[in-house]
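S.K.: give me a 3D structure for the following:
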Amino acid sequence: MTTIKKYSKLLLGLIFMNISLMIQAQKADTAFIKKPIDYMTYINLVGKSNLSYAAEKFNINIADVAIQTARIFPDPQLGFGWFDNGQKRMKLGYGFNSEVSWTLEMGGKRKARIEVARNQAQLSRLLLDNYYNNLRADATLAYLLAIQNRIVLDVESDSYLQMKKLAESDSIRFKLGVITQVDARQSKLEAGTMLNDVFSAEAEWKSSLANLSLLTGKTKSDSLLYPQGDFSGFERQFSLQDLVIEAQNNRADLKAALQSKTVSQSLLKQAKADRAIDLGLSFGVNNAAYVRNTIAPTPAMTTVNAGISVPLKFSNNRSGDLRAAQYGTLQAETTYKQTELQIQTEVSQAYFTYIAAQKQVNQFKSGLLTEAKAILEGKIYSYKRGQSSLLEVLNAQRTYNDVQHDYYGTLYNYAVALVELERAAGIWDINF
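M.R.: Below you'll find the model as predicted:
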């Protein structure tokens, strides 16, 4: 009866310890509200609410305003004057004058300005498209990372719970004298180590969830987005040659590089137009008061004058601005060729990475994960029957954990490789 009472207390103690550890492991997980969200809803939310993207959109407004500014003609100048002959004793009188002057731009300066502004506005739109394409890909990678971290947390939690059960069983078996105290302590130590791995994986998972909130412009801190889905649906069949052609036709950064050439050419035209000599037009009215001098009295009179002024542009002897614009054109041409070559390289690299990841995924379909799990279950069964050592069980557990990490890591890398390949090719059909 004493033995039964002793074992009953032991079992109750283990149950309370189990409950305490479960609460400890789950406390941080329930401290926030998880809002499930599917991929398409998430990516649409990124496009609508991402603050960095919203800030980039203002470049379009700024460029449109620049077109309006380029249309402005030079402002006229209005001048007024007053004069006094300064001979009050001789009564030579005083007068007023007024003049309107205006610069007449020659050489097509205004047209060149407008062309530059329009080309720069188009460049801003292409750069915005490129920004969104990269944002969409980066947001997708963040979404996939959150799923991967959740899976890693599940793997670590399952491993910990299995080892914890084994440690509880070993504690009972030690009390019964079936195993040594060293084995009981070793299994308990392994369970504690795995619990630390659970905490670490949980922190990584929550950090990735917080990053999703950043990308969606979410401001509330009492809840986190909880991504749905897995790593299925990322299998595609591609041709490298077709992908390169797609990239050359669709990549927004290549279009932007081509538009930069157009902008540089329009800047060169503007630099040439700015060297043209402008004309200054003026029109004025002068009014002289009545001169009451007794020797040469003069009646009041009003005169009208008009004139043209031609600046002497000695600065045209210095062609620095023109040469800078010419060099800018050559630079844009070189940048375009470099971008074109860079895109071909990126597509090739992304394609090879995707094919390699595809082969790795197919390798796991041969049953590596199932085999590792069967070995672990067999070792645990043998250990409980006294036919295997604890070291064999721990090695089998580590092998199974490594295989699980490799398997899910390979699936994750496969999905990431597809995202990077479609980013490089300028295509997009991701949906899972």
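
S.K.: Met106: which element?
M.R.: Assigned by DSSP states H and E, Met106 falls within no helix or strand.

S.K.: wait, it sits on Asp278?
M.R.: Yes. Under the criterion of CB atoms under 8 Å, Met106 makes contact with Asp278 at 5.4 Å. Quick note: C-beta positions are derived from backbone N, CA and C, even for glycine.

S.K.: may I have the strands that pair with the stretch of helix or strand Phe283 belongs to, each with its orientation?
M.R.: Phe283 is part of strand 279-288, with elements assigned from DSSP H and E. Strand 279-288 sits in its sheet next to strand 94-104 (antiparallel), strand 301-309 (antiparallel), going by DSSP bridges.

S.K.: the first one: how far from the chain's middle?
M.R.: So the one you mean is strand 94-104. Centre-to-centre, strand 94-104 and its host chain are 57 Å apart (CA atoms, centre = their mean, to the nearest Å).

S.K.: buried residues, that strand. List them.
M.R.: Across strand 94-104, burial judged by 16 or more other CB atoms under 10 Å covers Gly95, Asn97, Glu99, Thr103.

S.K.: sec struct for Lys34, please.
M.R.: Put simply, Lys34 is strand when judged by DSSP: H, G, I helix; E, B strand; the rest coil.

S.K.: what's the closest non-adjacent residue to it?
M.R.: Leaving out its chain neighbours, the residue that sits closest to Lys34 by CB to CB, 6 or more residues apart in numbering is Tyr226, at 3.9 Å.

S.K.: I'd say that neighbour and Ile33 touch.
M.R.: No. The criterion here is CB under 8 Å, and Tyr226 misses it with Ile33 at 9.2 Å.

S.K.: who has more neighbours out of those two?
M.R.: Tyr226 (15 against 10; other CB atoms under 10 Å).

S.K.: that one falls within a helix, correct?
M.R.: No. Counting by three-state DSSP, Tyr226 falls outside a helix, being strand.

S.K.: which residues are in contact with it?
M.R.: Residues in contact with Tyr226 (CB atoms under 8 Å, 6 or more residues apart in numbering) are Lys34, Lys35, Pro36, Ile37, Leu209.

S.K.: dump those into TSV; add pLDDT as well.
M.R.: Shown next, in TSV, are the contacts of Tyr226 (pLDDT from 0 to 100):
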residue	pLDDT
Lys34	83
Lys35	89
Pro36	92
Ile37	93
Leu209	93
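
S.K.: for the residues you listed, work out which two are farthest apart.
M.R.: Comparing every pair within those by CB to CB identifies Pro36 and Leu209 as the most remote, at 11.6 Å.

S.K.: of these two, which one has the most company?
M.R.: Taking neighbours as other CB under 10 Å, Pro36 and Leu209 compare with Leu209 leading, 22 against 9.

S.K.: skipping adjacent residues, who's closest to the more buried one in space?
M.R.: Nearest residue to Leu209, sequence neighbours excluded (CB to CB, 6+ apart): Leu224, at 4.2 Å.

S.K.: with Ile151 instead?
M.R.: Of all residues not flanking Ile151 in the chain, Tyr408 sits nearest, at 4.9 Å (CB to CB, 6+ apart).

S.K.: shouldn't the one you found be in contact with Glu156?
M.R.: No. Here Tyr408 lies out of contact with Glu156, judged by CB under 8 Å, at a distance of 11.4 Å.

S.K.: quick one: which of those two has more around it?
M.R.: Shown here are Tyr408 and Glu156; by other CB under 10 Å, Glu156 has more neighbours (23 against 20).

S.K.: alright, I will stop here.
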